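J.: Give me coordinates for this.
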Amino acid sequence: MQVFEISKGDITSAQLIDVAPAPLAAGEVRLHLQHFALTANNVTYAATGGVIGYWDFFPGSEDAQGRLPVWGIAEVIESVGEIPVGERVFGFFPMAEELVAMPGRIRDTAWTDTAPHRKGLPPVYNEYFRLAGIPGHEPALEDRMGLLYPLYATSYVLADFLFDHAWYGAEQIVVGSASSKTAIGFMQLVAEYENAPALIGLTSPGNRDFVEALGVCADVLTYDAVAEGLSARASVYVDMSGNTQVRRAVHTTLDESLAHSCAVGLSHWDKFEQGAEMPGPQAQFFFAPAQVKKRREDWGPGVVEGRIMEAWRRLARDHTGWLTLREHSGLPAAAEIYRDLAQGRAAPADGHIVTL
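T.: Predicted structure coming up:
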C-alpha cells in the first residue's frame, strides 16, 4: 500500500512510501480511497499539524513523519463488523490508498471512527458520512464534495460565528488571501446576510482580477496597497493566509478601528511568524469545531450539519463561473500537486481532484 508522508520539520519535504496493509481486528473495516481533493487547506493541516493536532489522526511510520489528511470518498473493501462491503463514505482520510477504521455510533447517515488513537480528537473529523444515507445526496456533486464541502463548511461556520457576534460591530470585513476557496465561500455567504459589513478582499497582484470578477467585494486591494487603500473604520480582519507582514500592515493601518482579528488559514505558511507583536487586538485562531459544538447546543442535534450541507450544495452547483476542475490519477501526481500548493504555485481557479 502506498502512503504519502511529510517531514514534520519541513513540510515541503515529502515522499511516497510502501507499507504492508494492516490485518483487520473485530469490528474494523478497510476503506479504499477512490478520490480526494487537494487545496491550500491541506497545506494548513501540515503547517499546523503539531500545534492543532492534525498529525494525530493518521500517525506516520516514525515520529518525525506525518500523514497528510485529505477529504475524499472511499469504499469499504473488507469488513469484519456491521458496515457492509461496498458501502461508500465521505470523510477525513490520510493521503494513502487505504484506511483501516473502527466504526462506532453507527447511524443511517454516518458512523464514527472509534479507533483508540482518535479518541479525544474533534468529532467533526472522526465522522464518516454514508453516501447512501445522506438526505438529498446528489451524486453529480461527488467530484466536488472532497474539494468544496470541508472548505465551505469552514466558510459557513466562520460566517455564522461572526454573525453570532454581531460582526463585532464592524462596518467592513477585510479578507486576506481572498482568492482562496475558503475565502470565496465565506464572502459569498456573508453577502447573503442582510446588512452585513462590506467585504474588502486582499490578494496578490496576479489574482486581483480573479477576485474582482467574483463580484462580492466592495473593494479589492493588493497586499502592497493596504496602507494607502484600507479605510480606518470599524473592522474585522479574517486572515486566510497567515502572512505576518500583511497582518501587520492591516493591524497598523486599522489600529484601534480593528475590533477583531481572526486567523483561519496558513496558505502563506512560510511567511508566518509565531508570536509576532503588532497594534490592535491579538489575533484569535478560529477553530470551526468549537462553533459547530456551540450551534449543536443552540439549535439541537443535526441542525447545523443540515445547514452546512445545504449551503455547500448551493455554492457547489454555482461554481462554474470561477472554478476549473483538474482531475489527476494516482498518488505520484498528488505528490506533485501538494508541492505546488505548499510553494504557492497553484492557480486559485483550479480545483484538484485525485483519483486512485
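J.: can we go C-alpha only for contacts and neighbour counts from here?
T.: Will do.
J.: Within the helices and strands, which one has Arg313?
T.: Per DSSP states H and E: Arg313 is located in helix 303-317.
J.: so what secondary structure elements neighbour that helix?
T.: Contacts defined by 3 or more Cα pairs under 8 Å, 6 or more residues apart in numbering; DSSP states H and E place helix 303-317 against helix 142-164, helix 288-299.
J.: name the helices or strands packed onto the last one?
T.: Using 3+ Cα pairs under 8 Å, 6+ apart as the contact criterion, the secondary-structure elements in contact with helix 288-299 are helix 142-164, helix 303-317.
J.: Report the distance from the last one to the chain centre.
T.: Offset of helix 303-317 from its chain centre (Cα atoms, centre = their mean, to the nearest Å): 15 Å.
J.: quick one, which of the helices and strands packed on helix 288-299 is packed in tightest?
T.: The highest mean neighbour count among the helices and strands packed on helix 288-299, using mean count of other Cα atoms under 10 Å, belongs to helix 142-164: a mean of 22.
J.: Between helix 303-317 and it, find me the angle.
T.: With axes from the mean of the first three to the mean of the last three Cα atoms, to 10 degrees applied, the angle from helix 142-164 to helix 303-317 works out at 120 degrees.
J.: how many degrees apart are helix 142-164 and helix 288-299 in direction?
T.: Using the same axes, to 10 degrees: helix 142-164 against helix 288-299 is 70 degrees.
J.: Helix 142-164 - contacts with which helices or strands?
T.: Counting by 3+ Cα pairs under 8 Å, 6+ apart, helix 142-164 packs on strand 29-38, strand 69-79, helix 181-190, helix 288-299, helix 303-317, strand 350-355.
J.: let's see 7 Å
T.: The contact analysis (3 or more Cα pairs under 7 Å, 6 or more residues apart in numbering; DSSP states H and E) places helix 142-164 against strand 29-38, helix 181-190, helix 288-299, helix 303-317.
J.: so which of these gets nearest Thr48?
T.: helix 288-299 (14.4 Å; Cα to Cα).
J.: Could I get the buried residue list for the closest one?
T.: Buried residues in helix 288-299, counted by 16 or more other Cα atoms under 10 Å: Ala288, Gln291, Val292, Arg295.
J.: hmm, which two among those residues are most spread apart?
T.: Farthest pair in the buried residues of helix 288-299, by Cα to Cα: Ala288 and Arg295, 10.8 Å.
J.: Return the distance of the helix or strand of the chain with the lowest mean pLDDT from the chain's centre.
T.: Least confident helix or strand, the chain: helix 49-52 with a mean of 82, by mean pLDDT, DSSP states H and E. Its chain's C-alpha centre and that of helix 49-52 lie 15 Å apart, by Cα atoms, centre = their mean.
J.: before we move on, the earlier item: could the helices and strands packed on helix 303-317 go into JSON lines alongside mean pLDDT and distance to Gln172?
T.: JSON lines is the format used below for the helices and strands packed on helix 303-317 (pLDDT from 0 to 100; distance: least, Cα to Cα, whole Å):
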{"stretch": "helix 142-164", "mean pLDDT": "93", "distance to Gln172": "12"}
{"stretch": "helix 288-299", "mean pLDDT": "92", "distance to Gln172": "22"}
